[in-house]
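>>> Predicted structure and sequence below. I'll ask about it afterward.
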Amino acid sequence: MSGMTTTEPTKKSFWKSRRGQQVAVIIAFTVIPVFLLLLFTYFPFAEMVKFSFYKMRYVGKRVFVGWANYKELFTRDDISGSLILCLYYMVGAIVQTFLALYFASILSMKVKCGKLFKGCIFFPYLINGIAIGFIFKFFYTRGYVLDTVLHAFGIPLSSLPYWLKDKAINNWSLVYSSVWRYMGQNMVLFIGSIMSIDSSLYEAAALDGANGWQKFKYIILPGIKTIFTLNIILFITGSLSAFEAPYVITGGNNGTGTFFVIMDKVAHTSQKVGLASAMAVFLLCIIFLATILQKIFFKYFFRNANADDESLEAKKEKKKAAKASAGIARKGGMQA
C-alpha cells in the first residue's frame with residue numbers, strides 16, 4: 001500500500017476549457033472589428049478634423065489657421081455654388097424614389113413578364129458608375145445618340161441645345177443619368193418590403209370595398225415606412241455626395257461641378273488639404289442635420305401608422321389576457 005502512488009488529476013486552465021474558448025472567440029469577434037473600425041474609420045476622421053484647422057499640403061509644413069478654412073467655404077463662389085447644385089440631385093432623387101415606388105407597387109403583384117421588367121429596370125444599377133458616365137457622355141454629345149434620335153423625329157439639329165454645355169439644362173442631363181442608374185435599386189428595396197406585408201390585409205381591404213389608392217395609403221405605405229425612410233436617407237446623402245456623373249461626363253466644367261468634384265480639385269489639383277478637410281467636415285455636418293430633420297418629419301408623417309401598430313399590440317395583449325383568464329377559469333372548474 002505504501003509503495004503505490006496516487007496522481008491527482010491536473011486542472012485545465014480556463015482558456016483551454018470549452019467555456020474559455022467560447023469567451024476567447026467572443027472577445028476576438030468583438031475586439032478585432034472594433035479595433036479595425038477605430039483604426040481605419042474614426043482615427044482618420046479625427047485626423048481629418050485636425051487637418052481642417054491647418055493650411056497644409058500633402059508634403060511640407062503645416063500652419064495652424066484656426067477657422068480660416070471654414071470661413072473660406074462661404075467666400076469661394078465655386079464651393080458655395082456647388083452646394084446649390086445638390087438641389088438638382090435632390091429633385092432628381094425625389095422623382096427617382098416615387099418612380100421606384102410606383103413600379104414596385106405594380107411589379108409586386110402578378111404581372112405578365114414581371115421578372116423581365118424587374119431585370120430591365122434593375123440592370124443599370126449593376127453597371128459600373130464610370131462606365132455609365134462614358135455611356136451618357138456619348139449619349140449627350142452633339143450629333144450623337146440623343147440628337148440623332150430627336151432628329152429622326154423631325155427636330156432639326158440646329159434647334160437642339162448643347163446638352164452638356166448649356167447651363168440651363170446640363171445639370172438636369174446629369175441628374176437624369178443618376179435617376180436612370182439608381183431607380184432599380186430603390187425599386188428592389190420597395191418590392192422586398194411590399195412582399196413582406198401580410199396578404200390577408202389586402203383581402204380584408206377588398207372585402208371592405210377599398211380601392212387601389214386606399215390599399216396603397218393604408219396598407220402599403222405604413223408597411224414600407226422603414227424602407228421608405230432608408231431610401232430618403234440614401235437619396236439625401238447621395239445628392240450631397242454626387243461625384244461620378246459630373247466627374248466623368250463633364251469633368252465639373254460649365255457649372256456642373258458638385259461639392260465632391262470641387263473637393264477633389266481643391267485636394268488634388270490645388271493641394272489645399274486643409275480646405276478640402278474642412279469641406280468634408282462641413283458636408284458631414286449637413287448630412288447629420290438632414291438625417292435628424294428627416295427623422296422628425298417621418299415621425300410626424302407616420303404618426304397614424306405608429307398609432308395603428310400600438311393598437312394592434314394592445315389587441316394582441318388583450319387576446320393573451322383573455323386566453324390566460326379562460327385557462328385559469330377552466331382549471332378552477334376542473335378542481336371544483
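Received, thanks. Numbers count the residues shown, from 1 in each chain.
>>> If you count neighbours, what's buried in the one helix or strand Cys285 maps to?
Take DSSP states H and E as the rule and Cys285 turns out to sit in helix 273-301. By 16 or more other Cβ atoms under 10 Å, the buried positions in helix 273-301 come out as 273-283, 287, 290, 294, 298. Heads up, the C-betas are built off the backbone N, CA and C, glycines and all.
>>> do stretch 100-107 as well
Neighbour count says stretch 100-107 has Ala100, Leu101, Phe103, Ala104, Ser105, Leu107 buried, by 16+ other Cβ under 10 Å.
>>> Which other helices and strands does the helix holding Cys285 contact?
helix 43-51, strand 54-55, helix 68-73, helix 225-240, helix 259-264 (3 or more Cβ pairs under 8 Å, 6 or more residues apart in numbering; DSSP states H and E).
>>> Tabulate these (JSON lines), appending mean pLDDT.
Converted to JSON lines, those look like this (pLDDT from 0 to 100):
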{"stretch": "helix 43-51", "mean pLDDT": "92"}
{"stretch": "strand 54-55", "mean pLDDT": "92"}
{"stretch": "helix 68-73", "mean pLDDT": "92"}
{"stretch": "helix 225-240", "mean pLDDT": "83"}
{"stretch": "helix 259-264", "mean pLDDT": "91"}
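>>> For the closest residue to Ala276 other than its chain neighbours, give its distance to Tyr58.
Once flanking residues are discounted, Ala276 sits nearest to Ala267: 3.6 Å by Cβ to Cβ, 6 or more residues apart in numbering. For Ala267, the distance to Tyr58 equals 9 Å [Cβ to Cβ, to the nearest Å].
>>> Was I right to think Lys272 contacts Asp264?
No. Between Lys272 and Asp264 there is no contact under Cβ atoms under 8 Å: 11.6 Å.
>>> What are the contacting residues of stretch 115-130?
Here stretch 115-130 makes contact (Cβ atoms under 8 Å, 6 or more residues apart in numbering) with 103, 107, 111, 132, 135, 180-185, 187-188, 191, 244-245, 248.
>>> Gln96 versus the residue nearest the centre of the chain, what's the distance?
The chain has Leu234 as the residue nearest its centroid, 2.5 Å off, counting by Cα atoms, centre = their mean. Look at Leu234 and Gln96: by Cβ to Cβ, they are 10 Å apart.
>>> Please identify every residue contacting each of these two.
Asn186.
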